[in-house]
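Participant: What follows is a protein structure lacking sequence information:
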């Protein structure tokens, strides 16, 4: 009778095969979950479309080819997961990024090494991993408290939420502030974690921090109308203008609009913000009111009430307006934080959040400081045409 026992080598190969299949299945589930969450973020921004199932494709990874990966799609056909590489290209995760994410999530250095060996066949000693992840609290605080420029043309403020464990786990707001300097490069000015919801007190703390670190003159702040934000900023920087993010305003208005009316109402609202000046914008608002006021009075009331802050950007040349009418430029950074923390369901403490934010935002700041926005010449012409009155240095 034939011996059905597996040899030691065959048994080892079989175990490796099963392990490989399990890792591939885990990777498949992880990619699919992250892509679904990425689509949800896309749908929040694009309220005129919705999910439209998924299609299947294969994905090449360091663990082998994953077959039948379910890629979500939208009805407008414009959504493509940033996580997904082009066909026939391998999906890679940066090793340094992976190590840092695992470390701030509270994974021990020995377990990190085990994960790297299993997934990538790479061996790091615990001491090597510790060196890679060693970011001292002093280093973080030194960067967060560094002196800032006296003048910033525009400052953007935004917040997102991360799950942090302080005995119990809760979602807490994380605030990020980004400025446009006089040379038209951008700079991450600060990031803040407070154990509590958004409030005027917290915004005042952030404004005070900017002032303490040397900021004195700001042309305009751009935010999304968060509770108490405008009042707190004006208290510390009374000469600065405030722009309520147009994209956030429209998004909030359209939440209460029936689906069949959303596209038409959105197009009519856009006419307000595409106007050449405030006078034309107000005429478009009156036309919006005439057409939609009886059906959606709350939309009209909200737009009328915030009209001044929604159109503050119109005092500047058209070539500059596209950079300052919304918080889109800083929102992209917030989404990157969310994307790169998806693998961390909860942070073990505030220290871990600060380490990750430092890691991500310092890296992003280096990129921003090396790129100049194409507005410098137009801004200089604008300042010259208006005289010293509108130069960024006029605010105190």
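Facilitator: Received it, and whenever you're ready, just let me know what you need. Computed from a predicted model, the values in this text were never measured in an experiment.
Participant: which residues of the stretch 51-200 of the chain score low on pLDDT?
Facilitator: 61-63, 82-83, 87-136, 196-199 (pLDDT under 70).
Participant: and with 50 instead?
Facilitator: Low-confidence segments of the stretch 51-200 of the chain (pLDDT under 50): 120.
Participant: can you pull out the strands in it?
Facilitator: 51-61, 64-74, 151-166, 168-180, 186-193 (DSSP state E, counting those that start in this stretch).
Participant: any chance of those strands in a markdown table, plus mean neighbour count?
Facilitator: All C-beta atoms are positioned from the backbone trio N, CA, C, and that covers glycine. Shown next, in a markdown table, are the strands of the stretch 51-200 of the chain (neighbours: other CB atoms under 10 Å):
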| stretch | mean neighbour count |
| --- | --- |
| strand 51-61 | 14 |
| strand 64-74 | 16 |
| strand 151-166 | 20 |
| strand 168-180 | 19 |
| strand 186-193 | 20 |
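Participant: Distance to residue 338 added to the ones you listed, as TSV?
Facilitator: Putting those into TSV (distance: least, CB to CB, whole Å) gives the following:
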stretch	distance to residue 338
strand 51-61	19
strand 64-74	17
strand 151-166	6
strand 168-180	10
strand 186-193	14
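Participant: Relative to residue 264, which of those is closest?
Facilitator: Residue 264 lies closest to strand 64-74 among the strands of the stretch 51-200 of the chain, at 20.0 Å (CB to CB).
Participant: For that closest one, which strands pair with it and how are they oriented?
Facilitator: strand 51-61 (antiparallel) (DSSP bridges).
Participant: ok, back up a step: out of the strands of the stretch 51-200 of the chain, flag the one nearest residue 42.
Facilitator: Short answer: strand 64-74, nearest of those by CB to CB, at 6.7 Å.
Participant: Show me what whichever strand or helix holds residue 270 packs onto, helices and strands only.
Facilitator: Using DSSP states H and E, residue 270 maps to helix 259-273. Applying 3 or more CB pairs under 8 Å, 6 or more residues apart in numbering; DSSP states H and E, we find helix 259-273 packed against helix 246-254, helix 278-292, helix 297-305.
Participant: now it against helix 246-254, angle please.
Facilitator: Using axes from the mean of the first three to the mean of the last three CA atoms, to 10 degrees, the interaxial angle of helix 259-273 with respect to helix 246-254 works out to 150 degrees.
Participant: According to the record, where do the domains of the protein fall?
Facilitator: With domains defined by automatic domain parsing, the chain comprises 7-84, 149-245+326-394.
Participant: Quick check: which of the ones you listed is buried the most?
Facilitator: domain 149-245+326-394 (a mean of 17; mean count of other CB atoms under 10 Å).
Participant: Can you give the distance from that one to the centre of its chain?
Facilitator: In this view, domain 149-245+326-394 has its centroid 11 Å away from the chain centroid, taken as CA atoms, centre = their mean, to the nearest Å.
Participant: go on, stretch 35-50?
Facilitator: Worked out by CA atoms, centre = their mean, stretch 35-50 lies 14 Å from the chain centre.
Participant: who touches it?
Facilitator: Residues external to stretch 35-50 that are found in contact with it (CB atoms under 8 Å, 6 or more residues apart in numbering): 51, 71-76, 78-79, 81-84, 247, 251, 254-255, 262-263, 266, 335, 338-339, 342.
Participant: same check, this time on stretch 223-233
Facilitator: Contacts of stretch 223-233 with the rest of the structure, by CB under 8 Å, 6+ apart, involve 156-159, 198-204, 206-207, 221, 240, 242-245, 248-249, 306, 309, 327.
Participant: coming back round to it: export the helices and strands packed on helix 259-273 to TSV and tack on distance to residue 188, mean neighbour count and mean pLDDT?
Facilitator: Converted to TSV, the helices and strands packed on helix 259-273 look like this (distance: least, CB to CB, whole Å; neighbours: other CB atoms under 10 Å; pLDDT from 0 to 100):
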stretch	distance to residue 188	mean neighbour count	mean pLDDT
helix 246-254	21	19	93
helix 278-292	32	15	96
helix 297-305	31	15	94
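Participant: ok, and the closest non-adjacent residue to residue 295?
Facilitator: Excluding its sequence neighbours, the residue lying closest to residue 295 (CB to CB, 6 or more residues apart in numbering) is residue 261, at 7.3 Å.
Participant: Burial check on that neighbour, number of neighbours?
Facilitator: 13 (other CB atoms under 10 Å).
Participant: show me the contacts for it.
Facilitator: So residue 261 contacts 292, 295, 296 (CB under 8 Å, 6+ apart).
Participant: Assign the second one to helix, strand or coil.
Facilitator: This points to residue 295. Recorded secondary structure, residue 295: coil (DSSP: H, G, I helix; E, B strand; the rest coil).
Participant: And it, how close does it get to residue 304?
Facilitator: To residue 304, residue 295 is 16 Å away according to CB to CB, to the nearest Å.
Participant: Repeat that for residue 337.
Facilitator: Residue 337 is 34 Å from residue 304, by CB to CB.
Participant: circling back to that earlier point, pLDDT value on the residue nearest to residue 295, please?
Facilitator: Here, the pLDDT recorded for residue 261 equals 94.
Participant: any idea how far it is from residue 299?
Facilitator: 10 Å.
Participant: Residues that sit against both of those two, list them.
Facilitator: By CB under 8 Å, 6+ apart, the residues touching both residue 261 and residue 299 are residue 292.
Participant: tell me the centre residue of the protein?
Facilitator: residue 334 (1.6 Å; CA atoms, centre = their mean).
Participant: which residues touch that one?
Facilitator: Neighbours of residue 334 in contact, by CB under 8 Å, 6+ apart: 158, 159, 160, 176.
Participant: Leaving out sequence neighbours, find the closest residue to the first one.
Facilitator: What sits nearest to residue 158 in space, not counting adjacent residues and going by CB to CB, 6+ apart, is residue 330, at 4.7 Å.
Participant: Okay, angle between the strand or helix carrying the one you found and strand 168-180 too, please.
Facilitator: Assigned by DSSP H and E, residue 330 falls within helix 328-340. Using the same axes, to 10 degrees, the inter-axis angle of helix 328-340 relative to strand 168-180 is 140 degrees.
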